[in-house]
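Student: sharing a sequence plus its predicted fold:
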Amino acid sequence: MPITPAFLVGSIAVAIGGVLRLYCISTLGKFWSFQLSVRKEHRLVTSGPYSVVRHPSYTGLLLQSAGFAVMHGSQGSWMRQSGILQVPFIKVLTVTSFFVFITLATWGSISRPAVEDEMLRRALGEEWENWAKEVRYRLIPGVY
């Protein structure tokens with residue numbers, strides 16, 4: 001099966017999103033966590049990707065989700081070419097799982113930054129306020 005342009009674009013988006021997320025984790029260092037938290041010794045990280053948008057890791061997750069959707073949902077993908085979607089149960093399971101995954105990843109990437117912003121604003125006060133004025137966008141420069 002040949003590699004289609006859509007599969008290639010999706011794969012690149014997944015890879016770039018993953019590299020961006022790793023860069024964010026590396027930049028945050030000891031302040032990175034899956035759980036929302038502010039530590040006693042917490043300081044605001046404003047370098048690297050955090051000098052462009054306030055929540056670049058979620059930008060990476062959105063890139064990965066979009067890339068995943070393009071890779072597996074486009075014409076010529078293994079999912080569409082293999083015939084596996086001809087089995088009704090598999091088709092329903094796949095489409096439902098796909099929808100749930102994309103919805104949760106998108107919803108989390110859009111809603112969680114507001115919660116993080118408020119938590120950091122309360123904990124860091126004026127330092128966070130000044131940074132938020134300088135880095136105005138949460139996920140996509142010039143957009144959101």
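Tutor: Structure's in. What do you need?
Student: pLDDT value on the closest residue to residue 18 other than its chain neighbours, please?
Tutor: Distances taken as C-beta to C-beta, 6 or more residues apart in numbering place residue 64 nearest to residue 18, at 6.2 Å, with adjacent residues excluded. Every C-beta, even on glycine, is put in place using the N, C-alpha and C of the backbone. With respect to pLDDT, residue 64 has a value of 96.
Student: and the host helix or strand of residue 92, what other elements does it pack with?
Tutor: Assigned by DSSP states H and E, residue 92 belongs to helix 88-124. Counting contacts by 3 or more C-beta pairs under 8 Å, 6 or more residues apart in numbering; DSSP states H and E, helix 88-124 packs against helix 56-73, helix 126-134.
Student: and the helix or strand of the chain with the lowest mean pLDDT, what does it pack onto?
Tutor: Counting by mean pLDDT, DSSP states H and E, the chain has its least confident helix or strand at helix 78-81, which shows a mean of 87. With contacts taken as 3+ C-beta pairs under 8 Å, 6+ apart, helix 78-81 sits against helix 56-73.
Student: in this protein, where is pLDDT below threshold?
Tutor: Across the chain, nothing is flagged by pLDDT under 70.
Student: let me see the contact set for the most centrally placed residue in it.
Tutor: By C-alpha atoms, centre = their mean, the chain has its centre lying nearest to residue 61, at 1.6 Å. For residue 61, the contact set (C-beta atoms under 8 Å, 6 or more residues apart in numbering) comprises 17, 21, 105, 108-109.
Student: sorry, back to before: out of the helices and strands packed on helix 88-124, which is closest to residue 32?
Tutor: helix 56-73 (8.5 Å; C-beta to C-beta).
Student: angle of the closest one against helix 88-124?
Tutor: Interaxial angle of helix 56-73 relative to helix 88-124 (axes from the mean of the first three to the mean of the last three C-alpha atoms, to 10 degrees): 170 degrees.
Student: list the buried residues of helix 56-73.
Tutor: Buried residues in helix 56-73, defined by neighbour count with 16 or more other C-beta atoms under 10 Å: 56-73.
Student: re earlier: pretty sure the residue nearest to residue 18 sits against residue 12.
Tutor: No. Assessed by C-beta atoms under 8 Å, residue 64 is found out of contact with residue 12, at 11.0 Å.
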